[in-house]
Each structure stands twice: as C-alpha cells, then as structure tokens.
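Novice: Give me coordinates for this.
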Amino acid sequence: MRIAVTGSVATDHLMTFPGKFTEHLIADKLDRVSLSFLVDGLEIRRGGVAANIAFGMGCLGLRPLLVGAVGPDFAEYRSWLENHGVDTSAVLESQRFHTARFVCTTDEDGNQIASFYPGAMAEARDISLEEVADRAGGLDLVLIGADDPEAMFRHTAACAAAGIPFAADPSQQLPRMDGEQTRALVDGAAYLFSNEYEIALIEQKTGWAADEITEHVSVQVTTLGAGGARITTAGQAPVMVPSVPGVQALDPTGAGDAFRAGFLAALGWELPLERASQLGCLLAASVLETVGTQEYELKNPALVERFEAAYGPVAAEEVAAHLG
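Specialist: Next comes the predicted model:
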C-alpha cells in the first residue's frame, strides 16, 4: 500500500516549566494576561505532524511519502528522514521562508502553552497532489494532517476528484475553521482522526451529532489519552482499545502523531482496525517515554515483547510477521 502523509514539517523548541501554569492564572485578570515562565531546559528537536507520522511509519519498515513545504534549512532534516525510511521526494522547498517552527512549554501537570510559526508551510498550497500521485505511480491512501489551510482544502478536493481514500486529521487547525470548512475537510473521509476534545469541536462546528459523524466518514478513530483509543463505524458497537500499561511519561508532545504512524502502518500491512489501534497505542507510549517527537527507537524483539505483554500473543504474532 502506497501511503502519502501531508501536513506540517517543523523544528520543535521544547521547554519545561517546574510548576503549574494554573497556579499563575488570576481569574479576574484573564483579559490582560502578561506572564513569563522561567524554564529549566530547552530541547531543539525535529517535528511537524506530517514528518512525525512519516518518521514512525519509516521506523516500522514502511516507505511513506512525505508531502509538505520546507525552507532551505531542511537539508539535514531531509537526510535524517531519508535514513529512517521516509520518501521526501514530494517535499517542496521554499526559496523565501525557513522551515516552520513550533515553540512549546510544558508544565509538571503536562499542560502546554505553545506557538507555531508557519514559515515555508504557507507554500504547501502550491503542491499539486495530482502530480505527486502521478510521479508516485498512484496512491492508496492520503493522510491530510494539519497544514496550511488552503493546502488542506486543496488536498482533500484532489483526493475526492481522483477517488483516492483519505484520512482527515485537521487537529491543530480546527480552531481556525468555521463549520463549512470543517465539513469540507471531514466529509467523505475513509478515516477521521481526533482526540476527545477535537471530536467535540468537530461536532460543534459541523453541527453533526456524534452518531451522525459516521454517516459522513467510514471509520472514526478517537484517541483517549491514558484511556487508549475508540474505533467507531456505522452500525457497529464502538471498539475500545486500552493503552499500553506501565508508561513512564516524560513528554506528551507528538504522542498523537505516533499513534497515527502505528495505525497507518498496520493499515499498510492490511491488519484489522483493532490491531491498528493497538500498534498506534504502542508507538504513542514510545514517544511519551522520550523527550522529542522523533527520538524513540523501535527495536525487535523488544517491540514485539512489549506488544505481547499489552495485547496478547496472537496480536503480537500478527504484528511481528511484518517487522524486520
């Protein structure tokens, strides 16, 4: 299965605050917030939702096609991704802007305050997914992740016109979308990825009730944090997949991207949806236990052993058959 992953490619600047943001927010002064947090550490890491997802898939032995826009500072990052199994031939390099930058501070409760500078990402709207598909010899699935909004609309329309199944994953771009725009990104999706808050926002913006969403998408995948994941399809009872036990979380950044990487990898192997969610939860656990979104390692046989401990020998055997 040839899978393309569209979305942001960025550099992450990750900081940690040894306290709680909530202790410094004054209820009757929230209309004039002026705060500066002295942080303990700074980690500069590779990131961006599309790059994170593609990295995880590449580490599992697939060859995902990364589709996004970057700056002239991308050379080292490109080599890193290529060395981890990612096809970067469809990446557009801007001559005007640097690669996007994500700046995030996390407190001791896991709460985050972040800013995102799009930079070269604004040129993602210039990418023709039709041309990308032609050069790739066809695409079987396209994940449309958070990106320049015009690029997201263009990619969604291109998939619909060409009959290419797509996975809708608007995530961080949902707050800036209105109802019509949200419906345009979600309607007709083969898969809809979100967390609990995002699915509530999708329901609010689209005007669709929870049970109506499955009339517009084939499979709804909702991540539940420590609660694992829920798979919802029309006419069937939701499938609940528990998270991996015993996770020692260090940094939540990128856990959702890693889940998607595992899920898409399992789809590429033509495994069932439950197995896909289990593999997604395993990769999410790996990211949670490291600082940074692409610093984890997936090594056999430790990977299969942990999968078996979490989900049983039958599940582990099905996944192990596809791992190098």
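Novice: Please enumerate the helices of the stretch 51-200 of the chain.
Specialist: Using DSSP state H, counting those that start in this stretch, the helices assigned to the stretch 51-200 of the chain run over residues 75-83, 129-136, 149-162, 179-186, 196-206.
Novice: pLDDT averaged over the longest one, what's the number?
Specialist: For helix 149-162, mean pLDDT is 98.
Novice: And the helix of greatest length in the chain, what does it pack against?
Specialist: Counting residues, the longest helix found in the chain (DSSP state H) is helix 273-288. If you count contacts as 3 or more C-beta pairs under 8 Å, 6 or more residues apart in numbering; DSSP states H and E, helix 273-288 packs onto strand 219-223, strand 229-233, strand 239-241, helix 255-268, helix 302-311, helix 313-320. C-beta coordinates here come from the backbone N, C-alpha and C atoms, glycine included.
Novice: okay, the ones you listed, which one's buried deepest?
Specialist: Mean neighbours per residue, mean count of other C-beta atoms under 10 Å, is largest over these for helix 255-268, with a mean of 27.
Novice: Just the C-alpha atoms of it, please, in PDB.
Specialist: The C-alpha trace of helix 255-268 is given here as PDB (Å, rounded to 0.1, in the frame of the first residue of the first chain):
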ATOM      1  CA  ALA A 255       2.100  11.100  21.100                       C
ATOM      2  CA  GLY A 256      -0.900  11.600  18.800                       C
ATOM      3  CA  ASP A 257       1.300  11.700  15.700                       C
ATOM      4  CA  ALA A 258       3.000   8.400  16.800                       C
ATOM      5  CA  PHE A 259      -0.400   6.800  17.300                       C
ATOM      6  CA  ARG A 260      -1.300   7.700  13.700                       C
ATOM      7  CA  ALA A 261       2.000   6.300  12.500                       C
ATOM      8  CA  GLY A 262       1.300   3.000  14.100                       C
ATOM      9  CA  PHE A 263      -2.300   2.900  12.900                       C
ATOM     10  CA  LEU A 264      -1.300   3.700   9.300                       C
ATOM     11  CA  ALA A 265       1.500   1.200   9.300                       C
ATOM     12  CA  ALA A 266      -0.900  -1.500  10.300                       C
ATOM     13  CA  LEU A 267      -3.300  -0.400   7.600                       C
ATOM     14  CA  GLY A 268      -0.400  -0.700   5.100                       C
END
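Novice: For Val217, which of the helices of the stretch 51-200 of the chain is the nearest?
Specialist: Set against Val217 and scored by C-beta to C-beta, the helices of the stretch 51-200 of the chain come closest in helix 179-186, at 6.4 Å.
Novice: before we move on, the earlier item: and the longest helix of the chain with helix 302-311, angle?
Specialist: Between helix 273-288 and helix 302-311, the angle comes out at 120 degrees (axes from the mean of the first three to the mean of the last three C-alpha atoms, to 10 degrees).
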